[in-house]
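Q: any chance you can model this:
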Amino acid sequence: MAATPEKPATATPRRKAGRHRGEGQWAVGHFTPLNGNEQFKKDDDGLNVRTRIETIYSKAGFDSIDPNDLRGRMRWWGLYTQRKPGIDGGKTAILEPEELDDEYFMLRVRIDGGRLTTGQLRVIGEISEEFARGTADITDRQNVQYHWIRIEDVPEIWNRLEAVGLSTTEACGDTPRVILGSPVAGIAEDEIIDGTPAIDEIQRRIIGNKDFSNLPRKFKSAISGSPLLDVAHEINDIAFVGVNHPEHGPGFDLWVGGGLSTNPKIGVRLGAWVPLDEVPDVYEGVISIFRDYGYRRLRTRARLKFLVADWGVEKFRQVLEDEYLKRELVDGPAPEQPVQQWRDHVGVHRQQDGRYYVGFAPRVGRVDGTTLTKIAELAERHGSGRLRTTAEQKMLVLDVDEPQVESLVAGLEALDLRVTPSPFRRGTMACTGIEFCKLAIVETKARGASLIDELERRIPDFDVPITININGCPNACARIQVADIGLKGQLVLDDSGNQVEGFQVHLGGALGLEAGFGRKVRGLKVTSAELPDYVERVLRRFQEEREDGERFATWVARASEEALS
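A: A predicted model of the protein is given here:
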């Protein structure tokens, strides 16, 4: 058939329209707010809300709070409204924010590097008991998270935290969030380099600084010199990973653009080696790129990972060097693969100085104020004044002399804090879930705790490292895409056709060892009631089909869909 003038045979298909020109990037002149979040940030810096909390809201009560403060700026000080009790998961995406809001708050205490003194932990526990109905969860960002907080009590809570050197500043919001650090920084025998001085300097320069308090979205950071790669560096916006340069010695490999949520991306190496004293400068350069060039038009594309994906490694490094550092970075090596899958430091381990640290596992990060106070007392009784939280919802007691170790372990175990936990206790994490979170669809914490009990009873001989991460919604706060078994909460149909709580299943994800997102089996969903049966079934098949030394994620990659169903 002859070609017509309107549509010649050689015509190339029309290219898809590119991204809208106005991405809200400040560096290219787009300062006009493009959504409600950008508008309230332009109207008033989130850090300024503290004065209103102290002078107005804490005195006049919940109903006096301006909506843009309530659901926006208060996050700059670690405060989120929690979910009103009794609202089921089917209404999560239907109700208006004011219908989901309870008159109580979640309050997040930022613990940069996971570093705590026993005095600080005691204060955290006392605040929990007095103001938070005993709640005090350890998060996978090394923070402690309270619930049931009244606005009237917030100034007093701040006073008590700040009196012992703790803070809620920028624990949430479009800000530089807590800086993850190796929980064994400065003490581990196998440490490549201690990143603690860099964390301290970044805190001094950046946190609470209005030059960096209006970012396109949250900015997650990690710094670790441990060969175990113990801060989930692959899924942070910026990460510094300890490496030995063949010419320059110990320093850090620079990663950018990692993140999960509904569009997960593994971070990428810039190929640059950064010495310890230059880490704060490079951090400031990268967060400045995000502030200036990050996408502000659509919240769903406002994380740094989208800019990195669009620019590519070479352009990102070039802009960092030319526009912000004003110098070239040194090329450097990649970190070596860790020698083990567990990187939570649970157990008894020798320190550089000959003393020991003792790592223990609560159930899915759930503790309470009384328990935290008892941990502080136990640590002090056994000669320790320091503790650490981990990025795996665990905790360590540092600086224990050898004669004290056995007694400390016994004391922790008496509190149901396992120093030698089963793989299920050790490897199961859960987000806050529908109990308190306004985004959640299903229950998570209690579900995770009961799953641990069931698996310990049903498969007591299972002795392979396994991670089971449970999330109440698609946002991946519990890192479901990088778990051996990742469970994303959603409503599903049971055998009788009723809509019930359940999970979509992700399998074979990993960090550290061959990091990746694994696979989803088409249509594989389980109800909450069926969850123990499903997990037991897939783990028994793994045991039956496993080759010598094979990891669960490796088996998943080659297993049939039938074996995974």
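
Q: from Pro423, how far out is Ala447?
A: Quick fix: residue 447 is Arg, not Ala. Here the criterion is C-beta to C-beta, to the nearest Å. By it, Arg447 lies 18 Å from Pro423. For glycine as for every other residue, the C-beta is placed from the backbone atoms N, C-alpha and C.

Q: for Ser407, what are its contacts?
A: If you count contacts by C-beta atoms under 8 Å, 6 or more residues apart in numbering, Ser407 has them with His382.

Q: A helix includes it, no?
A: Yes - the secondary structure assignment for Ser407 places it in a helix, going by DSSP: H, G, I helix; E, B strand; the rest coil.

Q: stretch 407-423: how far from the chain's middle?
A: Between the mean C-alpha location of stretch 407-423 and the chain-wide mean there is a distance of 25 Å, by C-alpha atoms, centre = their mean, to the nearest Å.

Q: neighbour count for Arg447 and Pro423, which is higher?
A: For Arg447 against Pro423, the residue with the higher neighbour count under other C-beta atoms under 10 Å is Arg447, and the figures read 24 against 21.

Q: and the helix or strand that one falls within, how far from the chain's centre?
A: Using DSSP states H and E, Arg447 sits within helix 445-458. From the chain centre to the centre of helix 445-458 is a distance of 22 Å (C-alpha atoms, centre = their mean).

Q: what does the average pLDDT come to for that helix?
A: For helix 445-458, the mean per-residue pLDDT is 98.

Q: if you count neighbours, what's buried in it?
A: 445, 447-449, 451-452, 454-455 (16 or more other C-beta atoms under 10 Å).

Q: same deal with stretch 382-390?
A: 382, 384, 386-390.

Q: cool, stretch 550-563 as well?
A: In terms of neighbour count (16+ other C-beta under 10 Å), stretch 550-563 has its buried residues at 551-556, 559, 563.

Q: now these in TSV, with distance to Gln318, pLDDT and secondary structure?
A: What follows is the buried residues of stretch 550-563, written out as TSV (distance: C-beta to C-beta, whole Å; pLDDT from 0 to 100; DSSP: H, G, I helix; E, B strand; the rest coil):
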residue	distance to Gln318	pLDDT	secondary structure
Arg551	38	95	coil
Phe552	40	97	helix
Ala553	35	96	helix
Thr554	37	95	helix
Trp555	42	97	helix
Val556	38	97	helix
Ala559	43	95	coil
Ala563	47	94	helix
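
Q: and of these, the nearest to Ile202?
A: Checking the buried residues of stretch 550-563 against Ile202 with C-beta to C-beta, the nearest one is Ala553 at 32.8 Å.

Q: ok, the least confident helix or strand in the chain by mean pLDDT: who's next to it in the sheet?
A: When each helix and strand of the chain is scored by mean pLDDT, DSSP states H and E, strand 519-527 comes last, with a mean of 89. The sheet places strand 519-527 alongside strand 499-507 (antiparallel), with pairing taken from DSSP bridges.

Q: hey, C-alpha coordinates of the partner strand in PDB?
A: As requested, the backbone C-alpha atoms of strand 499-507 are provided in PDB (Å, rounded to 0.1, in the frame of the first residue of the first chain):
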ATOM      1  CA  GLN A 499     -12.100  -8.900  52.600                       C
ATOM      2  CA  VAL A 500      -9.500  -9.400  55.400                       C
ATOM      3  CA  GLU A 501      -6.100  -8.300  56.400                       C
ATOM      4  CA  GLY A 502      -3.300  -9.900  54.400                       C
ATOM      5  CA  PHE A 503       0.000  -9.500  52.600                       C
ATOM      6  CA  GLN A 504       1.500  -9.400  49.200                       C
ATOM      7  CA  VAL A 505       4.700 -11.500  49.300                       C
ATOM      8  CA  HIS A 506       8.100 -10.400  48.100                       C
ATOM      9  CA  LEU A 507      10.900 -13.100  48.100                       C
END
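
Q: that strand vs helix 445-458, what angle?
A: Orientation of strand 499-507 against helix 445-458 (axes from the mean of the first three to the mean of the last three C-alpha atoms, to 10 degrees) gives an angle of 60 degrees.

Q: list the contacts of strand 499-507.
A: Under the criterion C-beta under 8 Å, 6+ apart, external residues in contact with strand 499-507 comprise 89-90, 441-443, 470, 480-481, 483-494, 517-521, 524-531, 534, 538, 556, 564.

Q: can you give me the buried ones in it?
A: By 16+ other C-beta under 10 Å, the buried positions in strand 499-507 come out as 501-507.

Q: over to stretch 136-152?
A: Within stretch 136-152, the residues that qualify as buried are 136-149, 151, counting by 16+ other C-beta under 10 Å.

Q: which one of the residues you listed is nearest Pro67?
A: Here the nearest of the buried residues of stretch 136-152 to Pro67, counting by C-beta to C-beta, is Ile151; it sits at 14.0 Å.

Q: not counting sequence-adjacent ones, nearest residue to Ala515?
A: Residue nearest to Ala515 in three dimensions, not counting chain neighbours: Glu234, with 4.8 Å by C-beta to C-beta, 6 or more residues apart in numbering.

Q: so that neighbour: helix, strand or coil?
A: Under three-state DSSP, the three-state class of Glu234 is helix.

Q: and if you look at Thr55?
A: Reducing the assignment to helix, strand or coil with three-state DSSP, the entry for Thr55 is helix.

Q: next: the one 3 residues further on.
A: Three-state secondary structure (criterion: three-state DSSP) places Ser58 in helix.

Q: one step back: which other helices and strands contact the helix holding Arg447?
A: Using 3 or more C-beta pairs under 8 Å, 6 or more residues apart in numbering; DSSP states H and E as the contact test, the elements touching helix 445-458 are helix 423-427, strand 428-430, strand 468-471, helix 531-545.

Q: pull the CA atoms of the last one into PDB?
A: Below are the C-alpha coordinates for helix 531-545, written out as PDB (Å, rounded to 0.1, in the frame of the first residue of the first chain):
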ATOM      1  CA  LEU A 531       0.700 -16.300  57.300                       C
ATOM      2  CA  PRO A 532       2.400 -18.800  59.700                       C
ATOM      3  CA  ASP A 533       1.300 -21.700  57.400                       C
ATOM      4  CA  TYR A 534       2.700 -20.000  54.300                       C
ATOM      5  CA  VAL A 535       6.100 -19.100  55.800                       C
ATOM      6  CA  GLU A 536       6.500 -22.500  57.400                       C
ATOM      7  CA  ARG A 537       5.800 -24.100  54.000                       C
ATOM      8  CA  VAL A 538       8.200 -22.000  52.000                       C
ATOM      9  CA  LEU A 539      11.000 -22.400  54.600                       C
ATOM     10  CA  ARG A 540      10.600 -26.200  54.700                       C
ATOM     11  CA  ARG A 541      10.800 -26.300  50.900                       C
ATOM     12  CA  PHE A 542      14.000 -24.300  51.100                       C
ATOM     13  CA  GLN A 543      15.400 -26.800  53.600                       C
ATOM     14  CA  GLU A 544      14.500 -29.700  51.300                       C
ATOM     15  CA  GLU A 545      15.900 -28.100  48.100                       C
END
